[in-house]
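Asks: Build me a structure from this.
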Amino acid sequence: MKVEIWSDIMCPWCYIGKRRFEAAMEQFPDAGSVEIEWHSFQLDPTIESGHGDNLYTYLSKRKGIPYEQAEQMNNQVTGLAATLGLTYNMEQAVVANSFDAHRLIQLAKKHQLGDAAEERLFKAYFTEGKDFSNPDTLVALGKEIGLEESVLKNLVGSQSFTTEVRRDIDEAETLGIRGVPFFVFDRKYGVSGAQASETFLEVLTKSVGEWKSTQPSDLEIIEGQTCGPDGDC
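Replies: Numbering: from 1, shown residues only. Predicted coordinates for the structure are as follows:
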């Protein structure tokens with residue numbers, strides 16, 4: 001059964017949501033039946049990289065709130081992240097357009113490294129203050145998760161995976177997704193936000209149970225000559 005997650009790597013609640021969902025998966029006895037697919041979403045596709053504003057100035061301008069209020073909001077989410085073992089250094093965050101980073105995630109998905117790419121990019125942004133609009137940074141981060149340098153250099157030197165990113169964003173709009181993180185279970189249930197692990201566990205149990213009820217169980221067997229593990233042939 002597939003769980004699809006729409007996320008933006010500059011979204012603090014998306015990193016928190018990832019940890020809470022992972023905690024639910026660790027408790028879920030049938031986690032082996034679950035396939036996870038990450039989808040691209042941009043909270044602000046209009047950001048111009050290299051503008052020089054720190055995160056608090058950016059949020060102050062975008063939301064029309066005082067600088068101090070933007071700082072306080074982020075202090076609160078930083079404290080919550082810390083309870084999950086996440087380190088947010090918001091004062092170091094480099095505000096940049098995330099589109100190229102999403103292209104890297106799409107490339108990683110083709111190599112079954114989508115989750116690794118999300119994790120590495122979250123840490124790069126929130127903890128390490130890396131600029132994910134810098135091509136060299138993307139190449140270095142991609143190499144860390146196991147992608148080949150030549151493939152990564154081809155990515156940053158082209159517009160590869162642009163279509164896939166835009167397709168994800170368009171699909172989010174079709175599904176009525178207005179904010180992230182957003183989790184879709186078997187295209188039947190949607191969970192918005194970084195919910196408690198207990199909520200994710202409840203939806204996992206329900207959706208996987210329903211999915212299993214639709215899968216073939218008993219096979220109609222036509223007998224023939226076989227060999228068994230006891231040597232009988």
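Asks: Show me which parts of the strand or helix carrying residue 170 are buried, residue by residue.
Replies: According to DSSP states H and E, residue 170 maps onto helix 162-175. Applying a neighbour-count criterion of 16 or more other Cβ atoms under 10 Å, the buried positions in helix 162-175 are 164, 165, 168, 169, 171, 172. All C-beta atoms are positioned from the backbone trio N, CA, C, and that covers glycine.
Asks: In this protein, where is pLDDT below threshold?
Replies: The model of the chain has pLDDT under 70 over residues 216-221, 228-231, 233.
Asks: Could you rerun that using 90?
Replies: Within the chain, the set of residues satisfying pLDDT under 90 comprises 48-52, 213-233.
Asks: Strands of that one, residue ranges please.
Replies: Counting by DSSP state E, the chain forms strands over residues 2-7, 35-40, 182-185, 189-192, given from the N-terminal end onward.
Asks: Let me know which of the ones you listed is the nearest to residue 125.
Replies: When the strands of the chain are compared for distance to residue 125 using Cβ to Cβ, the nearest one is strand 2-7, at 12.0 Å.
Asks: which one of the strands of the chain lies closest to residue 98?
Replies: Of all the strands of the chain, strand 35-40 sits nearest to residue 98, with 8.5 Å by Cβ to Cβ.
Asks: Would you list the strands that the closest one pairs with, along with their directions?
Replies: Using DSSP bridges, the strands paired with strand 35-40 are strand 2-7 (parallel).
Asks: Contacts for the partner strand, please.
Replies: Defining contact as Cβ atoms under 8 Å, 6 or more residues apart in numbering, one finds that strand 2-7 is touched by 14, 17-18, 21, 34-41, 118, 168, 172, 177, 180-187, 204.
Asks: try 7 Å this time
Replies: Around strand 2-7, the neighbours that count as contacts under Cβ atoms under 7 Å, 6 or more residues apart in numbering are 14, 34-39, 41, 118, 172, 177, 180-186.
Asks: do stretch 20-39 as well
Replies: Defining contact as Cβ under 7 Å, 6+ apart, one finds that stretch 20-39 is touched by 1-7, 105, 109, 114-115, 118, 168, 172, 183, 194-197, 200-201, 204, 208.
Asks: those helices in this structure, which residues are they?
Replies: Taking DSSP state H to define them, one finds helices in the chain at 12-27, 55-63, 67-82, 99-110, 114-126, 135-144, 149-156, 162-175, 197-213.
Asks: Make a markdown table out of the ones you listed and add distance to residue 227.
Replies: Formatted as a markdown table, the entries for those read as follows, by distance: least, Cβ to Cβ, whole Å:
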| stretch | distance to residue 227 |
| --- | --- |
| helix 12-27 | 39 |
| helix 55-63 | 65 |
| helix 67-82 | 56 |
| helix 99-110 | 39 |
| helix 114-126 | 40 |
| helix 135-144 | 47 |
| helix 149-156 | 44 |
| helix 162-175 | 46 |
| helix 197-213 | 31 |
